[in-house]
Structure formats: structure tokens, C-alpha cells
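In: from the sequence below, what's the structure:
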Amino acid sequence: MAISLSRRQLAQVGALAAGGWAVGVWLRRHRALGRRIDRPDLVRAILDDPHAPASGPADAPLRLAVFSDYRCPACRKAFPAMEDALEADGRVRVVYKDWPIFGVPSEYAARIALATAEQGIYPAVHRRLMTDGRTIDDGMLRDIVTAAGGDWTRATAWAVAHGAAIDAQLAANARQAAQLGLPGTPGYLANDMLVVGALDRHDFSRLFAQARQPQG
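Out: Residues are numbered from 1 along each chain as shown. Modelled structure (predicted):
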């Protein structure tokens, strides 16, 4: 049997629905954003990794380790928001942790990206890989390295000559991801605060603020 509602009743239902939506938004905006990692040794090993590419002020009071894959949809979705939040904050150092878990193309892209670090262009290459929608292959990677101001031949030669070092870096990143208990990408470790999954700009800003608060 159909139920007919008056205009007043419909307005009341609409108000309740709107109120419920507003409460849901409030809860999402104010929920805890992750968990503290009570492993100072592990946190230091990740954030102080001398072999991991990094960008941002070397003396920044906040460091953000980013575990990501260039073919990860959630990583790519969150990347512009992260960049906006980093620019707005201005006091965060990013430590890049390539964790290629989406197959051979992901690993190849990560290896090339790491190989460009010695040319000083890793952050620019990383940014382009996160925002370029083309299939990952030699042509796409060559375009990206060149657009970032790098030398493609030098990058590929370095990747071959230093393959063992790249292997070790990728293995260390994967091991650290496992020690953190990451189920996949993306994962963000801001000082000792760990968050898993894509964030929007507001949540990145909240993460930075929470990570700056002393534990306890």
C-alpha cells in the first residue's frame, strides 16, 4: 500500500536526511586519522633512510614517508591533494618509498624513477608518473624523464649499472611496509602517525597537524 506524505511531513523527512548527511560529514572530518607507530627504531629507519629520494626543506619539523605505486588508482587520486596540502603547509619533508605492487610495469617505472635520483630529478619524475594517464612503457618513461630535464640514456644505463642498489631499496621499502602492517598502497607515515588509503587535502592537513602533536 502506498503511503502519501503531506508537504510538512516531506519537509521533516528532508530535514532529517540533511541532518544525517551533515552529521556524517562531521564524523568523517573529525574521526581519528590513523594510528601511532610505537616503534621509534622503525620510524627512524623509514624517515631517516639515506637512500630514499626526498623533497622539501631538509630541516622541516615534519617528515612524511609516502608508500606508493605508479599504477595504484588510490595513490594517483590522492596525489594532487597531497601536493596542494604540502604547498599550503610549506614545512614538510617528503620521503619517497616506491612500493611497486601492481605488477611488472609498476616495478619498471619505480626502477627508472629511482635511477633518475642521481640526476636530481626524482621528485619531478615522480610527479609526472603520478599524473600521466598513459600506459607505462619505454616511450612514456622516456617522455617523462626528458620533460623533467633528465637524460633517458643516462637513466637507463644507471638503472642497469646499479641494479643491485635499486633491488635493495625496493626490498627495504617492501620490508618496511610489511613491518608497518600496510595492506597496500597508498600508505602515509607522518612522523609516527600512520594512515592507510587515499586522503583529500583537508585530511592531509589534519594528518600534518596530528603528527605534530606530541604522543601521549
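
In: measure the closest residue to Ala52 other than its chain neighbours to Ala58 for me?
Out: Nearest non-adjacent residue to Ala52, counting by Cβ to Cβ, 6 or more residues apart in numbering: Val95, 5.1 Å away. For every residue, glycine as well, the C-beta is placed using N, CA and C. Using Cβ to Cβ, to the nearest Å, Val95 is found at 11 Å from Ala58.

In: residues touching stretch 73-87, excluding its own?
Out: By Cβ atoms under 8 Å, 6 or more residues apart in numbering, the surrounding residues in contact with stretch 73-87 are 56, 64, 66, 68-70, 92, 94, 127, 130-131, 185-186, 197-201, 203-205, 208.

In: buried subset of the residues you listed as a PyMOL selection?
Out: In PyMOL syntax, the buried subset of the contacts of stretch 73-87 is picked out as below (16 or more other Cβ atoms under 10 Å):
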select buried, resi 56+64+66+68+69+70+92+94+127+130+185+186+198+199+200+201+203+204+205+208
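
In: between the two ends of stretch 49-58, how far is it?
Out: With Cα to Cα, to the nearest Å applied, stretch 49-58 spans 13 Å between its terminal residues.

In: that stretch: which residues count as buried?
Out: By neighbour count with 16+ other Cβ under 10 Å, stretch 49-58 contains the buried residues 49, 52-56.

In: can I get those in JSON lines including pLDDT?
Out: Output for these, formatted as JSON lines (pLDDT from 0 to 100):
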{"residue": "Asp49", "pLDDT": "97"}
{"residue": "Ala52", "pLDDT": "98"}
{"residue": "Pro53", "pLDDT": "98"}
{"residue": "Ala54", "pLDDT": "98"}
{"residue": "Ser55", "pLDDT": "98"}
{"residue": "Gly56", "pLDDT": "97"}
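
In: and the two most separated of these?
Out: Distance extremes for the buried residues of stretch 49-58: the farthest pair is Asp49 and Gly56 at 14.6 Å, using Cβ to Cβ.

In: next up, phi/psi of Leu86, please.
Out: The phi/psi pair for Leu86 (degrees, to the nearest 10) reads phi -60, psi -40.
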